[in-house]
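Participant: task: produce atomic coordinates for the following.
(4 chains)
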Number of protein chains: 2
Amino acid sequence: MALKKDLKNIVQEGGKMFLPSISVDCVIFGFHGNELKVLLLQMKHASVHGLPGGFILKDEAADEAVSRVLKERTGLDNIFLQQFYTFGEPLRSDKKMHLTAMKKEGIAIVKGNWLLERFVTIGYYALVDFSQVLPMQDALSISCDWHPLRPAPALMMDHNNILNKALETLQQQLSYQPIGCNLLPKKFTMPELQKLYETILGKPLDRRNFQRRILSYGIIKKLKEVKTGVAHKAPFLYSFDVKKYDEALRDGLGRGW
Amino acid sequence: MALKKDLKNIVQEGGKMFLPSISVDCVIFGFHGNELKVLLLQMKHASVHGLPGGFILKDEAADEAVSRVLKERTGLDNIFLQQFYTFGEPLRSDKKMHLTAMKKEGIAIVKGNWLLERFVTIGYYALVDFSQVLPMQDALSISCDWHPLRPAPALMMDHNNILNKALETLQQQLSYQPIGCNLLPKKFTMPELQKLYETILGKPLDRRNFQRRILSYGIIKKLKEVKTGVAHKAPFLYSFDVKKYDEALRDGLGRGW
DNA sequence: ACAAAAGTGTTACTTTTACACCCATGA
DNA sequence: TCATGGGTGTAAAAGTAACACTTTTGT
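Facilitator: Model (predicted):
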């Protein structure tokens, strides 16, 4: 099995390939069935889930490492990615976890192995179009799948903490940054976008006010199509204006002083 | 000289004491003479300045490491501290710099020394009461002093980049977080606070509107004293309400959806 | 025909901005 | 006494929040 060979290689050679004591973890958000979802790995040797993550190659930028991990787990390039916090508590990483996992894998891991060190992890969140993702597990997991956020499953180590902080950051940034559209397909309807905002913020919004506000940002444009094959009145489709969007990403939307 | 002994120890033993390839850097902001200042080290062996920084002890939290560095450079405890970004570009650290610096110090640094590795640095900014700070240099610097921000001096490596990002973050957060007061003495006047906000944001604000808005947050309270020994009409003194302030820190000030 | 969701404007309310005069103090 | 900065309120403008009816479509 290719994955196991990879794993063995990482355990034995990782110390030469990767920066020591630093990892990246990624909270991948998707939106489906009117729910926010997060992509999690089901770990092989423990009844817990974990965030997709990885290590930084010696000549690689942290952002590149995350993109690489993301590509591996979702098949996607060019994902909206945001670093949100670096977790540097001394007791956050669980040294025993790797030890027992490797033992069960039948891979030798000796005292002093780089994986048994304490790790500081850089947290990123990603916003992806649910329908475009093809989840793929990694060497240490049974499966990679979407999970609901509320409630989120029990995660290994401090990953629940990381997940919560990611969600908090997302909620805060949603009001000032034009990020909502990243979670939807290229063409989407106004009610879909609104549902998304309501879901992230966890509260209902007025339809008319929502529409006015979103449109006032100028980052999305109404297409001349409607969504077909749908019950009830056909809603218009919108897409977002990449140029205006990029400006808004730089300058923000909110007011403030 | 104690500092040199320390330095030699860090070069030779640091690999055992600290997390490898990770550093912390701290942008320390102060306010004086109606200007935002930043505390910088004048490096010994190059005509550049640098941000105060350090490394994380093997059993120490990243935040603790920064507090320790801050204590060493400023003499202060319990400073307002905020992690703002982690810099993980592969070429950000300058391997030659340490090498030549140590050569000039007469300290042997051999190939493979931990200091010659690539470093990822966790950026923090600190807000301090200028009048309370007693700047102290470290082993690699001639002096530690306040410098103007606009323009900021040339800094080593990517420290100008770090500084700029810190300032940007500060500006953004100022509108949503009750952080202004951290830069002033315990008792301050409304015009002082306003000057501070104007300086950080780089634009003038209306006196009456500023006062109304700040007071509406409820985080500062008017004292029954006025500032004495001052020219012109004596302004009232204010102090900030720690309880309300802590609430606001958690919940933010701004609106949004 | 009806149930369910989408489209659309107006009004009241709240927040923000703009603006000017008097007062106290030190020089 | 005068120059300088500090204290204070109000009115207009902008932005936000609340709200209802009509249209379309599938069943």
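Participant: before we move on, what's the pLDDT of the closest residue to DNA strand D within the stretch 101-250 of chain A?
Facilitator: Closest to DNA strand D within the stretch 101-250 of chain A is residue A:233: 3.4 Å, counting by Cβ to the nearest atom of the strand. For glycine as for every other residue, the C-beta is placed from the backbone atoms N, C-alpha and C. According to the prediction, residue A:233 has pLDDT 94.
Participant: so what's it up against?
Facilitator: Under the criterion of Cβ atoms under 8 Å, 6 or more residues apart in numbering or on different chains, the contact list for residue A:233 is empty.
Participant: check which helix or strand covers it.
Facilitator: Take DSSP states H and E as the rule and residue A:233 turns out to sit in neither a helix nor a strand.
Participant: give the helix, strand or coil label for the residue nearest the centre of chain A.
Facilitator: When Cα atoms, centre = their mean is applied to chain A, the residue found nearest the centroid is residue A:28 (1.5 Å). Under DSSP: H, G, I helix; E, B strand; the rest coil, the three-state class of residue A:28 is strand.
Participant: list the residues that contact the closest residue to it other than its chain neighbours.
Facilitator: Once flanking residues are discounted, residue A:28 sits nearest to residue A:39: 4.0 Å by Cβ to Cβ, 6 or more residues apart in numbering or on different chains. Contacts for residue A:39 (Cβ under 8 Å, 6+ apart) come out as A:28, A:30, A:52, A:73-74, A:128, A:133, A:135, A:144-147.
Participant: okay, and the beta partners of residue A:39?
Facilitator: With DSSP bridges applied, residue A:39 shows beta-bridge pairing to residue A:146.
Participant: which residue does the stretch 101-250 of chain A have closest to chain B?
Facilitator: For the stretch 101-250 of chain A and chain B, the shortest gap (Cβ to the nearest Cβ) falls at residue A:175, measuring 3.2 Å.
Participant: read off the pLDDT value for that residue.
Facilitator: In this prediction, residue A:175 has a pLDDT value of 85.
Participant: just the strands in the stretch 1-150 of chain A please.
Facilitator: With DSSP state E, counting those that start in this stretch, the ranges of strands along the stretch 1-150 of chain A come out as A:18-32, A:35-43, A:49-50, A:53-57, A:80-87, A:120-127, A:141-148.
Participant: who wins for proximity to residue A:240 among the ones you listed?
Facilitator: Closest to residue A:240 of the strands of the stretch 1-150 of chain A, according to Cβ to Cβ: strand A:80-87, at 11.7 Å.
Participant: buried ones in the closest one?
Facilitator: Neighbour-count burial for strand A:80-87, counted by 16 or more other Cβ atoms under 10 Å in any protein chain shown, picks out A:81-87.
Participant: reformat those as TSV; add pLDDT and distance to residue B:158.
Facilitator: Supplementary listing: the buried residues of strand A:80-87 in TSV, determined by pLDDT from 0 to 100; distance: Cβ to Cβ, whole Å:
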residue	pLDDT	distance to residue B:158
A:81	97	20
A:82	98	20
A:83	98	16
A:84	98	20
A:85	98	20
A:86	99	16
A:87	98	22
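Participant: out of the residues you listed, who's nearest residue A:196?
Facilitator: residue A:82 (16.7 Å).
Participant: need the residues of the stretch 101-250 of chain A near chain B, please.
Facilitator: For the stretch 101-250 of chain A, the residues found near chain B under the criterion Cβ under 8 Å from any Cβ of the partner chain are A:118, A:120, A:122, A:172, A:174-176, A:197, A:201, A:205.
Participant: hmm, 10 Å instead?
Facilitator: By Cβ under 10 Å from any Cβ of the partner chain, the residues of the stretch 101-250 of chain A that approach chain B are A:114, A:117-123, A:171-176, A:197-198, A:200-201, A:203, A:205, A:209-210, A:213.
Participant: out of those, who's near DNA strand C?
Facilitator: Taking Cβ under 7 Å from any atom of the strand as the test, DNA strand C is in contact with residue A:209 out of those.
Participant: hang on, the earlier thing: and the contacts of residue A:39, which are buried?
Facilitator: Using 16+ other Cβ under 10 Å, the buried ones in the contacts of residue A:39 are A:28, A:30, A:52, A:73-74, A:128, A:133, A:135, A:144, A:146-147.
Participant: closest one of those to residue A:154?
Facilitator: Comparing these against residue A:154 with Cβ to Cβ places residue A:147 closest, at 10.8 Å.
Participant: what sits against the closest one?
Facilitator: Neighbouring residues of residue A:147 by Cβ atoms under 10 Å, 6 or more residues apart in numbering or on different chains: A:30, A:35, A:37-40, A:42, A:49, A:153, A:155.
Participant: do residue A:235 as well
Facilitator: Contacts for residue A:235 (Cβ under 10 Å, 6+ apart) come out as A:188-192, A:226-227.
Participant: out of those, which are inside strands?
Facilitator: Using DSSP state E, A:188-189, A:226 are the members of these that sit in strands.
Participant: emit the ChimeraX select command for whichever of these are buried.
Facilitator: Typed into ChimeraX, the line below selects the buried ones among these, using 16+ other Cβ under 10 Å:
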select /A:188,189
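Participant: and DNA strand C, which of the ones in strands among the contacts of residue A:235 contact it?
Facilitator: Under the cut-off given by Cβ under 7 Å from any atom of the strand, DNA strand C has residue A:189 from the ones in strands among the contacts of residue A:235 close to it.
Participant: need the ones in strands among the contacts of residue A:235 in JSON lines (columns: distance to residue A:65 and pLDDT).
Facilitator: Listed next are the ones in strands among the contacts of residue A:235 as JSON lines, based on distance: Cβ to Cβ, whole Å; pLDDT from 0 to 100:
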{"residue": "A:188", "distance to residue A:65": "31", "pLDDT": "96"}
{"residue": "A:189", "distance to residue A:65": "36", "pLDDT": "96"}
{"residue": "A:226", "distance to residue A:65": "42", "pLDDT": "95"}
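Participant: from the ones in strands among the contacts of residue A:235, pick the one nearest residue A:106.
Facilitator: Closest to residue A:106, out of all of the ones in strands among the contacts of residue A:235 and judged by Cβ to Cβ, is residue A:188, at 47.4 Å.
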